[in-house]
Structure formats: C-alpha cells, structure tokens
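Novice: Sequence and computational prediction follow.
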Amino acid sequence: MADLLFIVSRSEPKRYMYLKHEYADEGKEVILDRRGGDRRRSQKPPPVERRHVERRHRDITPELQASGWVVLRRLAK
C-alpha cells in the first residue's frame, strides 16, 4: 500500500493526469475525489446504522476547493 495518497478534485482532470504520470513508479496513489454528496437523502433516519466507524479522520474539503488537490499520509493498520 502507498504511504502517500493524492486526492485530486474532479474539476482538475489535467492535474490528476499529471500527478498520476509523475508518481506512477514511486508507490504513491493518485485518485480523483469520489465524493458526490451524502447518499442518504431521506429525511427519516435508516432503521439500522450500517457504519460502525467514521472512515474519514478529517475534512479535506476546504483544502481541495482551495488548491484542487490534497496529499494525505496513510495510517498503518
């Protein structure tokens, strides 16, 4: 698994391609931001919460909007 994860805004496809090419051989992972909003759009809560733990540790939205990309260090499991 890569130590660094580059997340690139979907509005920056050229930057995504550049970073993907630049770091292809260095064991770094470059992905497009896949978030499109919350999937649960219903006003009523689901009968059972399926998520046991929040996967995201911090909100990267402001950084992603400001620069178009974010670099995160992966935590060892």
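Specialist: Arrived safely.

Novice: Look up the closest residue to F6, ignoring the ones flanking it.
Specialist: Nearest non-adjacent residue to F6, counting by CB to CB, 6 or more residues apart in numbering: V30, 4.3 Å away. For glycine as for every other residue, the C-beta is placed from the backbone atoms N, C-alpha and C.

Novice: Surely that neighbour is within a helix?
Specialist: No. Per DSSP: H, G, I helix; E, B strand; the rest coil, V30 lies outside any helix segment and is strand.

Novice: for it, what are its contacts?
Specialist: Contacts for V30 (CB atoms under 8 Å, 6 or more residues apart in numbering) come out as F6, V8, Y16, L19, K20, Y23.

Novice: Let me see the ranges of the strands in this protein.
Specialist: 4-8, 29-32, 69-73 (DSSP state E).

Novice: And the biggest helix by length in the chain, what's buried?
Specialist: Using DSSP state H, we find that the single longest helix of the chain is helix 13-22. Buried positions in helix 13-22, judged by neighbour count with 16 or more other CB atoms under 10 Å: R15, Y16, L19, K20.

Novice: contacting residues around that helix?
Specialist: Helix 13-22 is contacted from outside by F6, V8, S9, V30, L32, G68, W69, using CB under 8 Å, 6+ apart.

Novice: This completes my enquiry, with thanks.
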